[in-house]
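> for reference, the sequence and a predicted model appear below.
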Amino acid sequence: MTEGEALAAVADEYWQLRLASDPVGATAIGDRRYDDRLDDPSPAGLAAHRARLVELESRLAKVGDGLDGEDATTRSALTAQLAGDIAMIDSGVDQWTVDPLSGPPVTALNIESFQPVATADQGRAMVSRWRAMGPWLDTFGENLRRSLGEGRVAVHAPVEKTIDGLRDTLARTDDELALLAPAAVDHPEWPTTDLARFRDELAAAVHDVVRPALARYLDVLETAVLPASRGDQHPGIVHVPDGEAAYRLLIRIHTSLEIEPAAIHQIGLEEVARIDDETRALGASVLGTSDLASIHDRLRSGASLHFATREEVLRTAVRSLDRARAAIGDWFGILPRAECVVTPMPEHEERHSTIAYYRQPAVDGSRPGRYYVNTSQPPTRPRYEAEALAYHEAVPGHHLQIAIGQELAGLPEFRRHLGPTAFVEGWGLYAERLSDEMGLYSGDLDRLGVLSFDAWRACRLVVDTGMHALGWTRRQAIDFMLAHTALAPNNIVNEVDRYIVWPGQALAYKIGQLEILRLRAEARQRQGARFDIRRFHDAVLGHGAVSLGTLREIVSRELPST
């Protein structure tokens, strides 16, 4: 077996392990083999999975360093991916955190939106998965109780939000739950008995298994976790046993770099100061004031600067996406075949969720990429942020990067679907400023939104490290973001609570954006008049999501000085 064949074998085994251990993720990308099951979040399940990862890591280490081209990139990417997966398990954060944005209850309720049922076999698989939600949710509850005994407990505010969401879910009738939506779809091609059985069994699974399990999970939160939860004065992982070491692991996972929390904090302060100066200058011409607090107050309080209806929020997202689609051909050589559509965020998650997110297409073409936008509380949704948000989440941001990655031919599957947060989110943030170069923004007011969004990501470097490494309070984090961004207060609170439950993830955006900008400036300097922005973007996106170190190697190789 050649070195390249040995590498390909390890890469394929890793990908198959990944799909089997994350069956919901497999369904999301269109691999339907595991539609009937869920992952195993128990300590025994995680230990077994970690052992498999370590075995693959050992085999990969024996593959020679003489690889070149895409094989060298694959080896580098797989080394980073395996190390990151192991580090995530070792951090232990998923065992004790309580997450109102994407925790087990929200995950469970969201699955039906990307698990279509076209055949009776797929219907039976869905029933099995719904029934598996009972023991699955119970395992998460057991993890929380065990972690509590070890001194590891979640923070009060996110626990309260999760309880609030669960109470709202359980107050609904079975028919109002998203989990029963597939039963309402008619399938005239199915045998009548199969359709009737599917509907009856799905309803029984929701009523007899899922609902009681959600109630048991709620009971764990209300009776065990909430009374012992950490207060707003101690939101950071630094207050959890072994939290400092766990945070360093999480920084490495999300940024793909070895970088100290204090260094990240300083980068954030410098970026915030730089963007504040830009905001003052633009505010003077647009709003007639260069006072930062006055600019933010005007942006937050002007009723005409905010949406009035859910429909307006949605229309602006659609219009922005259409404008971006029309322009990308001049800036990118590689374009995705998969479409992107705008979708309102489901009611069961919009109240405590962030302002938007993106979900990738199915690789078989059965489902487009989806830009989910939060249309709740329209008067709190600024018009001037809407365009930057669409360009980050959809085109030229996440949809372009993720859909292109999925469609790349000749790469190992893991490189088409996975990658460091710093690459994925760094690209999304880079896309916000790029969109101004592309002429996509309607005016200077929207550019103030771009600056507010850029300041928001710079603030993340400050407040994430502030809470998780330096002992900041939740209030300190909220106040810092109020002072340096125009984000609505309700969005800032949701954002800070997100940083609390996802330590380190928020660092990836600005760290990744800064590296992409550095690489672009260096390539332009190397190539001078020969520099082509389309070639640069194709170099960045044409190899899947890779670590920032590997990305530097790729750009240097594909855009040389001679």
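Cool, the structure landed. Numbers count the residues shown, from 1 in each chain.
> lowest-confidence helix or strand of this structure?
Within the chain, no helix or strand scores below helix 347-350, which has a mean of 80 by mean pLDDT, DSSP states H and E.
> mind listing the strands for this structure?
Assigned by DSSP state E, the strands in the chain fall at 340-344, 356-359, 369-373.
> among the ones you listed, which comes closest to I264?
Across those, I264 has its closest neighbour in strand 356-359 (23.6 Å, CB to CB). C-beta coordinates here come from the backbone N, C-alpha and C atoms, glycine included.
> the closest one - contacts with which helices or strands?
Where contact means 3 or more CB pairs under 8 Å, 6 or more residues apart in numbering; DSSP states H and E, strand 356-359 is packed against strand 369-373, helix 383-393, helix 398-407.
> same for the least confident helix or strand of the chain, what does it pack against?
Helix 347-350 sits against helix 104-110, helix 156-171, with contacts defined as 3+ CB pairs under 8 Å, 6+ apart.
> any chance of those helices in JSON lines, plus mean neighbour count?
Formatted as JSON lines, these follow (neighbours: other CB atoms under 10 Å):
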{"stretch": "helix 104-110", "mean neighbour count": "21"}
{"stretch": "helix 156-171", "mean neighbour count": "19"}
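> quick one: closest of the ones you listed to Q360.
Short answer: helix 104-110, nearest of these by CB to CB, at 13.6 Å.
> can I get that closest one in CSV, CA atoms only?
What follows is helix 104-110, C-alpha atoms only, in CSV (Å, rounded to 0.1, in the frame of the first residue of the first chain):
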residue,chain,number,x,y,z
PRO,A,104,-30.8,18.3,23.4
PRO,A,105,-34.4,19.6,23.5
VAL,A,106,-33.8,22.1,20.6
THR,A,107,-31.8,19.5,18.7
ALA,A,108,-34.6,16.9,19.1
LEU,A,109,-37.3,19.4,17.9
ASN,A,110,-35.3,20.5,14.9
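> of all the helices and strands packed on strand 356-359, which one is nearest M133?
Nearest of those to M133, taken as CB to CB: strand 369-373 at 22.0 Å.
> against E495, how distant is the residue most central in space within the chain?
The residue lying closest to the centre of the chain (CA atoms, centre = their mean) is Y357, at 7.2 Å. Computed as CB to CB, to the nearest Å, the Y357 to E495 distance reads 13 Å.
> okay, domains of this structure per the record?
3-229, 250-513 (automatic domain parsing).
> nearest to E553 among the ones you listed would be which one?
E553 sits nearest to domain 3-229 of all the domains of the chain, at 7.6 Å, using CB to CB.
> could you tell me the end-to-end distance of that closest one?
51 Å (CA to CA, to the nearest Å).
> same check on stretch 251-266?
First residue to last in stretch 251-266 (CA to CA) measures 15 Å.
> what's the average pLDDT for that stretch?
Mean per-residue pLDDT for stretch 251-266: 96.
> buried residues in that stretch?
Judged by neighbour count using 16 or more other CB atoms under 10 Å, the buried positions of stretch 251-266 are I251, R252, I253, H254, T255, S256, L257, P261, I264, H265.
> how about stretch 197-208?
By neighbour count with 16+ other CB under 10 Å, stretch 197-208 contains the buried residues R197, F198, R199, E201, L202, A203, A205, V206.
> who's in contact with it?
Stretch 197-208 is contacted by residues 117, 120, 123-124, 126-127, 130-131, 133, 174, 177, 179-180, 182-183, 190 when judged by CB atoms under 8 Å, 6 or more residues apart in numbering.
> could you redo the last one with a cut-off of 10 Å?
Residues outside stretch 197-208 that contact it (CB atoms under 10 Å, 6 or more residues apart in numbering): 112, 117, 120, 122-124, 126-134, 173-175, 177-185, 187, 190-191, 211, 214.
> give me the buried subset of those residues.
Of the contacts of stretch 197-208, these count as buried by 16+ other CB under 10 Å: 112, 117, 120, 122-124, 126-127, 129-134, 177-180, 182-183, 187, 190, 211, 214.
> and for the nearest residue to L461 once chain neighbours are set aside, the neighbour number?
The shortest distance from L461 to any non-neighbouring residue, by CB to CB, 6 or more residues apart in numbering, is to G268 (2.8 Å). G268 has 24 neighbours, counted by other CB atoms under 10 Å.
> swap in T139?
When neighbours are counted by other CB under 10 Å, T139 registers 18.
> ok, it - contacts?
Counting by CB under 10 Å, 6+ apart, T139 touches L38, D39, D40, P41, S42, P43, G45, P104.
> between the residues you listed, which is closest to H537?
Of all the contacts of T139, D39 has the smallest distance to H537: 35.0 Å, by CB to CB.
> re the thing from before, any chance of the domains of the chain in a markdown table, with distance to E244 too?
Below are the domains of the chain laid out as a markdown table (distance: least, CB to CB, whole Å):
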| stretch | distance to E244 |
| --- | --- |
| domain 3-229 | 11 |
| domain 250-513 | 7 |
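> winner for burial among the ones you listed?
Highest mean neighbour count among these (mean count of other CB atoms under 10 Å): domain 250-513, with a mean of 20.
> ok now that one, how far from the chain's centre?
From the chain centre to the centre of domain 250-513 is a distance of 11 Å (CA atoms, centre = their mean, to the nearest Å).
> same check on stretch 80-98?
Relative to its parent chain, stretch 80-98 has a centroid offset of 16 Å by CA atoms, centre = their mean.
> with just CA atoms, put it into CSV.
Output of stretch 80-98 as CSV, limited to C-alpha atoms (Å, rounded to 0.1, in the frame of the first residue of the first chain):
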residue,chain,number,x,y,z
ALA,A,80,-6.1,18.7,13.1
GLN,A,81,-9.5,17.1,12.9
LEU,A,82,-8.6,14.1,15.0
ALA,A,83,-6.8,16.3,17.6
GLY,A,84,-9.8,18.6,17.8
ASP,A,85,-12.3,15.7,18.2
ILE,A,86,-10.3,14.2,21.0
ALA,A,87,-9.8,17.6,22.7
MET,A,88,-13.5,18.3,22.6
ILE,A,89,-14.2,15.0,24.5
ASP,A,90,-11.4,15.8,26.9
SER,A,91,-12.8,19.3,27.6
GLY,A,92,-15.9,17.6,29.1
VAL,A,93,-17.9,20.7,28.5
ASP,A,94,-20.8,18.9,26.8
GLN,A,95,-21.3,16.8,30.0
TRP,A,96,-22.4,19.7,32.2
THR,A,97,-23.4,22.6,30.1
VAL,A,98,-27.1,23.6,29.6
